[in-house]
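pasting the structure only:
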């Protein structure tokens, strides 16, 4: 998968995806170039427009290329429509580049559903991986936590959840540098008896397997931000709800904070004093720092940037793609999953579990 | 269900449930008594201990009674164990009082799973209600939102979700005073095509029914705190994860805030100026204000207080019980659900829905 030229990593950029493309794509690439001099970019989009924007970027060495297309996938395009009609879209051509070995990774800020469907259709899943998942990392009280699936699969089998655990652990090691990641599976109570059957079967299987990390059992919603584990495994429905609930709660608190500082002149003076400290807090919880969700389980690195991000956020998404290629994330998964798969098949067909109980709130 | 004496509401209190019982139960009852002079309490617990505590409470009129027991359900008791061995526990006797018509409502800060199982076993569900749910309300950017199920049922049928929508809307009207509550069902995308089948079938049914509120369709995790709707309907697995994720995120932000104000002497001075404003914010987001989860769908009012709450929080949980009895919450549900049920049965057996698509994150 990696390019022959020593150390060079080629990244295909969808220059028409997201709310502020192509501007933030070009500017983000320029920022990323200063961080990763070994990266070569190919921009997929309108050549005339890109040429103008690229001329302004001195940080981009002259080793980028442009592949012209005037077609794009829109943010509200239905997935089926995008798959059928988007064959010449910037998104599809950028994915094709990875499939054809012209790039090691693709980064797009476009329509998530379309990107996932196209990437799955073009790149296919890794051997022994049934379903790809969406994986990202978040701030916690202790550092960062990886969570998956964030929305690719609304329903999952226990075996899918096992695969997610393996891939999430390798992600934590590759991108966050965690040596032996602690893995938890999201449930509604920490007791053995509680929870949904698929989760309990997956937990039984995870206990029986040699993982690239330590399986610590069930975790609950509040463990995500507590940082109890490095990897939180869940189905795409629950993961998506949890992710958006956390984002919504963070937004609410930040809005309450703003209102509080504006609520009296004394509070306004207080803000003047505390301003520098609050700038650090904002940086600590900046969503741009955590930009770059990976579609794990595909034959190729495909990173989804938040659609509304700016150039800093987009550069960070490129950084995620760079790290995954550099540290051979997919090779790591393939070798691990093959071993795991043999062992899952060797497990007794029905893992016996006790009946479920109602849960505490 | 209501008592004959005009306006009197009799509430059975589990005086041995929760981390700080019986102290906060007695003190909470005293606070509630000043707010609701029409309430008569029966305390279930150790008589000697209660008598001593009650003697100190001048706000409690001499119209309370004590039912002695030395047995209690522990916080970590398994549900099956509590059901089998807890027949003389304070929790069980308090629930029995409602069943026997000696009280209109029961409030307990004890083990949630045991309370739900006992209440369901003793009180049974309301006619046409298949499953009870756990229902509570939360702060949002606009006011408050009711959410259910928060953990009683890890899997739900579309019909369960329809029942939850009806009961949640009546809760919003009864406890929060919302005239025509807006109801949303939690999903992973707002488009018609997205999400899990059970959710999509429930949404189809909700669209076809005359509800005690307005069904506005799908909502996502961030809509909970945004206040897009008054009632958020979901299964107990997703609801429990969302609730705890929101609690965890709130805790993380409040911890970050504390650290920020302590991070420099300038920030500390800033806090001195902004202190009064922050006290108001703390009050606005005080979990005690939102204490009191209702087990909806039972023949009797059963309110669960948070196990770790103080007397203020416990008084608020009593307030929820008071309102539900006063505004005849269960009668309201029974009459509504009967009508709804006939209509659900009249719907075509298979509501046709399109195939699902992957979702955006």
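Right, received. Where do you want to start? Source: prediction; values computed, not measured. Residues are numbered from 1 along each chain as shown, chains lettered A, B, ... in the order given.

Spell out the residue ranges of the strands in the stretch 251-361 of chain A.
Secondary structure of the stretch 251-361 of chain A by DSSP state E, counting those that start in this stretch: the strands cover A:293-296, A:301-304.

could these be laid out in a markdown table, adding mean neighbour count and mean pLDDT?
Heads up, the C-betas are built off the backbone N, CA and C, glycines and all. Listed next are the strands of the stretch 251-361 of chain A as a markdown table, based on neighbours: other Cβ atoms under 10 Å in any protein chain shown; pLDDT from 0 to 100:
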| stretch | mean neighbour count | mean pLDDT |
| --- | --- | --- |
| strand A:293-296 | 28 | 92 |
| strand A:301-304 | 28 | 96 |
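
For chain B, find the nearest of the ones you listed.
Of all these, strand A:293-296 sits nearest to chain B, with 6.0 Å by Cβ to the nearest Cβ.

ok, and does the closest one reach over to chain B?
Yes. On the criterion Cβ under 8 Å from any Cβ of the partner chain, strand A:293-296 is in touch with chain B at residue A:293.

Backbone torsions only: list them for the residue of the stretch 1-150 of chain A found nearest chain B.
Residue nearest to chain B within the stretch 1-150 of chain A: residue A:112 (3.9 Å; Cβ to the nearest Cβ). Torsion angles at residue A:112 (phi, psi; degrees, to the nearest 10) stand at phi -60, psi -50.

What is the neighbour count of it?
Burial of residue A:112 is recorded as 26 neighbouring residues (other Cβ atoms under 10 Å in any protein chain shown).

so what's residue A:292 up against?
A:107, A:136, A:303-305, A:316-321 (Cβ atoms under 8 Å, 6 or more residues apart in numbering or on different chains).

hmm, which of those are the buried ones?
A:107, A:136, A:303-305, A:316-321 (16 or more other Cβ atoms under 10 Å in any protein chain shown).

tell me the least confident of the contacts of residue A:292?
Lowest pLDDT of those: residue A:136, 91.

quick check, that residue in a strand?
Yes. Counting by DSSP: H, G, I helix; E, B strand; the rest coil, residue A:136 is found in a strand.

so who does it touch?
Neighbours of residue A:136 in contact, by Cβ under 8 Å, 6+ apart: A:146-148, A:150, A:243, A:290, A:292-294, B:361.

which one in the residues you listed is the model shakiest on?
residue B:361 (46).

what about the helices in chain A?
A:23-35, A:47-55, A:79-85, A:90-99, A:112-123, A:158-176, A:197-208, A:221-226, A:236-262, A:265-284, A:311-326, A:329-346 (DSSP state H).

residues of the longest one that come out buried?
Applying a neighbour-count criterion of 16+ other Cβ under 10 Å, the buried positions in helix A:236-262 are A:236-253, A:256-257, A:260-261.

cool, and the first one?
Across helix A:23-35, burial judged by 16+ other Cβ under 10 Å covers A:24-33.

who's in contact with it?
Contacts of helix A:23-35 (Cβ under 8 Å, 6+ apart): A:13-15, A:17-18, A:39, A:41, A:43, A:45, A:50, A:53-54, A:57-61, A:64, A:109, A:309-315, A:317-319, A:322.

again, only this time at 6 Å
Helix A:23-35 is touched from outside by A:13, A:15, A:41, A:53-54, A:57, A:59-60, A:310-311, A:314-315, A:318, with contacts defined as Cβ atoms under 6 Å, 6 or more residues apart in numbering or on different chains.

Just name the closest of those residues to residue B:268, please.
residue A:310 (32.6 Å; Cβ to Cβ).

Tell me the predicted confidence for residue A:329.
Per-residue pLDDT puts residue A:329 at 90.

what does the stretch 1-150 of chain A have sitting close to chain B?
A:79, A:112-113, A:116, A:134, A:141, A:150 (Cβ under 6 Å from any Cβ of the partner chain).

Kindly recompute the last result at 7 Å.
Residues of the stretch 1-150 of chain A lying close to chain B (Cβ under 7 Å from any Cβ of the partner chain) are A:78-79, A:111-113, A:116-117, A:134, A:140-141, A:150.

of all the strands of the stretch 251-361 of chain A, which lies closest to residue A:74?
Per Cβ to Cβ, nearest to residue A:74 of the strands of the stretch 251-361 of chain A: strand A:301-304, 15.8 Å.

Not counting its neighbours along the chain, what's nearest the residue most central in space within chain A?
Residue closest to the average C-alpha location in chain A (Cα atoms, centre = their mean): residue A:293, at 1.8 Å. Once flanking residues are discounted, residue A:293 sits nearest to residue A:136: 4.0 Å by Cβ to Cβ, 6 or more residues apart in numbering or on different chains.

For that neighbour, name its beta-bridge partners.
Legend: beta-bridge partners of residue A:136 under DSSP bridges are residue A:147.

Can you tell me the closest non-neighbouring residue to residue A:82?
residue A:114 is the one closest to residue A:82 (Cβ to Cβ, 6+ apart), at 3.7 Å.

give me the number of residues near the one you found?
So residue A:114, with other Cβ under 10 Å, has 28 neighbours.

can you check residue A:52 too?
So residue A:52, with other Cβ under 10 Å, has 12 neighbours.

tell me the contacts of it?
Applying Cβ atoms under 7 Å, 6 or more residues apart in numbering or on different chains to residue A:52 gives no contacts.

Please report the separation between the first and final residues of stretch A:281-289.
Terminal residues of stretch A:281-289 lie 12 Å apart, using Cα to Cα, to the nearest Å.

Now it: average pLDDT?
79.

could you point out where the stretch 101-250 of chain A is predicted with low confidence?
A:189-193 (pLDDT under 70).

rerun at 80
Across the stretch 101-250 of chain A, residues meeting the criterion (pLDDT under 80) sit at A:189-194.

can you tell me how far residue A:39 sits from residue A:13?
10 Å (Cβ to Cβ, to the nearest Å).

Looking at these two, which one has more neighbours?
residue A:13 (34 against 26).

Any idea what that one is bridged to?
The partner residues for residue A:13, given DSSP bridges, come to residue A:43, residue A:107.

Pull the contacting residues for it.
Counting by Cβ under 7 Å, 6+ apart, residue A:13 has contacts A:25, A:29, A:41-44, A:94, A:107.

Equivalent analysis for residue A:68, please.
Taking Cβ under 7 Å, 6+ apart as the test, what residue A:68 contacts is A:46-47.

Ok, residue A:209 next?
A:340, A:343.

picking up where we left off before, list residues touching both of residue A:39 and residue A:13?
By Cβ under 7 Å, 6+ apart, no residue touches both residue A:39 and residue A:13.

Domains in chain A, by residue range?
A:1-125+A:297-328, A:130-289 (automatic domain parsing).

In JSON lines, list those along with distance to residue B:166.
JSON lines is the format used below for the domains of chain A (distance: least, Cβ to Cβ, whole Å):
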{"stretch": "domain A:1-125+A:297-328", "distance to residue B:166": "32"}
{"stretch": "domain A:130-289", "distance to residue B:166": "22"}
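
Done for today, thanks.
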